[in-house]
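Asks: below is the sequence, then the predicted model.
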Amino acid sequence: MQEEVHSIAGADAADSVGPKSKQGPLRRELQLFARNRELFLLSVPGLLYKLIFAYLPMVGLIVAFKNYRYDKGIFGSGWVGFDNFKYLFTSDVAWRITRNTVLYNAGYMLLTTCCALLLAVLLNEARTKWTKFYQTALFLPHFLSWVLVGYIVYAFLNHGDGFLNRMLISLGMKPISWYQDSGPWPFILPIVHLWKAVGFSTLIYFAGIMGINSDYYEAARIDGATKLQMALRITVPLLSPLIVILLILSIGGMFRGDFGLHYFIPNNSGFIFPTTDVIDTYVYRALREVGNVSMSAAAGLYQSVVGLVLVLLSNGIVRKINPEHSLW
Amino acid sequence: MKKGIELHQLVINLMFVLLSVLMVMPFALVVAVSLTKESAIIANGFQFIPARISMDAYRYILESPDIIVRAYGVTTLVTAIGTAVGLFVTALTAYVISRRDYRYNRITTFYVFFTMLFSGGLVPAYILITQYLHMKDTLFALILPILLSPFNIMVMKGFMSKLPFEIVESAKMDGAREFKVFFAIILPLSKPALATLGLLIAFVYWNDWFNAMLYIDNPKLVPLQLLLVRILNSIEFLTTNSEFTQSLAIDLSQFPNNSARMAIAVLAGGPMMIVFPFFQRFFVKGLTVGSLKG
């Protein structure tokens, strides 16, 4: 371990800290620290920040095992063991939010990846001076916050004045109470997500395609390969590291629902929770609207633990198949 | 042969034109509604082509612009401070873990990276900030919770570890201290990465509504996105908000409720929709500026 420490971190102190010195291990560690002191000081703001805003909250997770009361604080509140979890998992809520979170995320992932790959390949074929314009148009929704997307969707779905209902009426059909009917939401949410996210993924894959050596395509063309063959045999395989990294990231985030999408787009309407509620919206409501702090923390802990397991698993599997593609 | 290629390119281009129109149409609807006379909305609903064009909604809002101007002020301030401080600390931390000769390199990397894999979640953070740090209704609650993203640190680290290490070595030979090396050599060399990440951080601050929803009740500290949340959540916001109505003695039945909501969305979201696309390439570069794997 010590051999890795190059002497430039503190050349002046190097002589006294060789393996031959007779000082105790503590003393030696202190001297090694002194050598790295300046770099350590540079990292202190970041370390302190993470300590307070990332690691302290992890300690705070014990509220999931307590009956939290604001007046007693985290450490004063009484222990209840696993009661919060028992309550959570015996109600149908846990199943509902888990199913919604996982299924929606899987759907978003597949839909966005497939569409973005297809668009990136086509964009590469289009090659006109218009390409820049298409890119901007595809990318535009990325710049919106979910709140603003909420306004746009509201303009389409509003019961009385919404564009869709007025169109249904003019076609002689019955208007639909979108914000009270849970049926259409498994289609609405993926469409909205795709609209907002597809541009970003497309541009990333497009940048990846631009980086592919054109010799491959030249050779394939000489051998008489079709465009489709080139896309499937050259483009997709060469993009696979990028695809895999993005997939690992989203599999790891499989348990992390998109709060903005699932809160603002359904307008937090209680009627449609069965098909819109995800873990994150449930945690938020339990904390802010219902005021059941410990239950909210229990759901949050459940989410964090399963999320961690998923990241480790997916990275482990990828590393088994192809170590170069894994995140670490 | 040549004609065939042109044909398939024509088809692809046509498809992209169509797709581009589809992508932009939803924006057009909101703008159109904001420009429609309220009576026309009541009669025809929201339409892409206003039956009667009117600037009433904008006039009502801009006659007492205090709320929007203040919200712009809060958002701008939070974005400016958050981006400057966040970017600086990101660079500091990334630099230290990019130094392979730093003795605590691996443990520091793990310390940062682990927060990406596991988090305490919403509730403990909420209790910490409201009950222990007492930051409710302060700008700190808008800035601090998203100050430092481990993902950005990793990206920055990827960039910095590609900088030629010999420069650092020779500077140290000349007796420069680590602070000097960081400020005089590393920061200037990292300008491209700093620009990209700075933009990404600013974007996150500008569009953040979550922390405001959690921590801000004081009307004077409401940022743009929270203003939008409140208006979206309550149709009656404009008609019950005294700052808009009382000062103008508005006849509530005449008030452009729907168009005004959309007009606020346009005024709050519009300017950035024009600014951000100019920086489009940075958003893509953010992922590739330092390869993910360190």
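Replies: Structure received.
Asks: quickly list the domain ranges of the chain.
Replies: Because you didn't say which chain, this covers chain A. Domains of chain A are assigned by automatic domain parsing as A:2-70, A:86-325.
Asks: chain B was what I was after
Replies: Looking at automatic domain parsing, the domains of chain B come to B:2-64+B:234-283, B:66-215.
Asks: deepest of the domains of chain A, which one?
Replies: Ranked by mean neighbour count under mean count of other Cβ atoms under 10 Å in any protein chain shown, those are led by domain A:86-325, which reaches a mean of 18. All C-beta spots, glycine's among them, are computed from the backbone N, C-alpha and C.
Asks: average pLDDT across that domain?
Replies: Averaged across domain A:86-325, pLDDT comes to 88.
Asks: how far out from the middle of the chain is it?
Replies: 10 Å (Cα atoms, centre = their mean, to the nearest Å).
Asks: what's stretch A:218-235 in contact with?
Replies: With contact meaning Cβ atoms under 8 Å, 6 or more residues apart in numbering or on different chains, stretch A:218-235 is reached by A:Val121, A:Asn124, A:Glu125, A:Ile209, A:Ile212, A:Tyr216, A:Tyr217, B:His8.
Asks: dump these into TSV; add secondary structure as well.
Replies: As requested, those are exported to TSV (DSSP: H, G, I helix; E, B strand; the rest coil):
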residue	secondary structure
A:Val121	helix
A:Asn124	helix
A:Glu125	helix
A:Ile209	helix
A:Ile212	coil
A:Tyr216	helix
A:Tyr217	helix
B:His8	helix
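Asks: show me which of the residues you listed is closest to A:Leu157.
Replies: A:Val121 (32.8 Å; Cβ to Cβ).
Asks: show me the contacts for the closest one.
Replies: Contacts of A:Val121 by Cβ under 8 Å, 6+ apart are A:Ile209, A:Ala231, A:Thr235.
Asks: phi, psi of the most centrally placed residue in chain A?
Replies: Per Cα atoms, centre = their mean, the C-alpha nearest to the average position across chain A is that of A:Gly253, at 4.4 Å. Phi and psi for A:Gly253, reported as degrees, to the nearest 10, are phi -90, psi 10.
Asks: over to A:Asn67?
Replies: Residue torsions, per degrees, to the nearest 10, at A:Asn67 are phi -100, psi 90.
Asks: quick one: it and A:Ala297 touch, right?
Replies: No - contact criterion Cβ atoms under 8 Å: A:Asn67 and A:Ala297 do not qualify, at 11.0 Å.
Asks: is chain B within reach of the host helix or strand of A:Val59?
Replies: Per DSSP states H and E, A:Val59 falls inside helix A:56-60. Yes - using Cβ under 8 Å from any Cβ of the partner chain, helix A:56-60 reaches chain B at A:Leu56, A:Pro57, A:Met58, A:Val59, A:Gly60.
Asks: quick one: contacts for the last one?
Replies: For A:Gly60, the contacting residues are A:Ile74, A:Ala297, B:Gly120, B:Val123, B:Pro124, B:Ala125, B:Ile127, B:Leu128, by Cβ under 8 Å, 6+ apart.
Asks: now with 10 Å?
Replies: Listed by Cβ atoms under 10 Å, 6 or more residues apart in numbering or on different chains, the contact set of A:Gly60 reads A:68, A:74-75, A:297, B:120-121, B:123-128, B:131-132.
Asks: cool, A:Tyr55 as well?
Replies: Per Cβ under 10 Å, 6+ apart, neighbours of A:Tyr55: A:Leu47, B:Tyr111, B:Phe114, B:Thr115, B:Ser119, B:Gly120.
Asks: for it, report the pLDDT, please.
Replies: On the pLDDT scale, A:Tyr55 gets 95.
Asks: again with the one 4 residues further on
Replies: In the predicted model, A:Val59 carries a pLDDT score of 92.
Asks: kindly report the same for A:Gly24.
Replies: pLDDT, read off for A:Gly24, is 84.
Asks: which residues sit in contact with it?
Replies: A:Leu30.
Asks: phi and psi next, for it.
Replies: Per degrees, to the nearest 10, the backbone of A:Gly24 is at phi -70, psi 160.
Asks: got the contact list for the residue in the stretch 201-328 of chain A that chain B sits nearest to?
Replies: The minimum distance from the stretch 201-328 of chain A to chain B, using Cβ to the nearest Cβ, falls at A:Gly300 (3.1 Å). Taking Cβ under 10 Å, 6+ apart as the criterion, A:Gly300 is in contact with A:57, A:61, A:63-64, A:279-280, A:282-284, A:286-287, B:119-126.
Asks: ok, back up a step: check contacts around the residue nearest to the centre of chain A.
Replies: A:Asn105, A:Met109, A:Gly307, A:Leu310, A:Val311.
Asks: where along the stretch 151-294 of chain B do the strands fall?
Replies: Secondary structure of the stretch 151-294 of chain B (DSSP state E, counting those that start in this stretch): no strands present.
Asks: that older thread, output the domains of chain A in CSV, with distance to B:Lys220 appended to each entry.
Replies: Shown next, in CSV, are the domains of chain A (distance: least, Cβ to Cβ, whole Å):
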stretch, distance to B:Lys220
domain A:2-70, 25
domain A:86-325, 20
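Asks: how about these, which one is nearest B:Phe179?
Replies: Per Cβ to Cβ, nearest to B:Phe179 of the domains of chain A: domain A:2-70, 6.8 Å.
Asks: element containing residue 114?
Replies: Since no chain was named, I'll use chain A. helix A:93-126.
Asks: if you could check chain B rather than the one you did, that'd help
Replies: helix B:105-117.
Asks: buried ones in that helix?
Replies: The neighbour-count check on helix B:105-117 (16 or more other Cβ atoms under 10 Å in any protein chain shown) flags B:Asn105, B:Thr108, B:Thr109, B:Tyr111, B:Val112, B:Phe113, B:Phe114, B:Thr115, B:Met116, B:Leu117 as buried.
Asks: using TSV, lay out those together with pLDDT and distance to B:Tyr72.
Replies: Conversion of the buried residues of helix B:105-117 to TSV gives the following (pLDDT from 0 to 100; distance: Cβ to Cβ, whole Å):
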residue	pLDDT	distance to B:Tyr72
B:Asn105	90	43
B:Thr108	94	38
B:Thr109	93	39
B:Tyr111	95	37
B:Val112	94	34
B:Phe113	90	36
B:Phe114	91	37
B:Thr115	91	32
B:Met116	87	32
B:Leu117	86	37
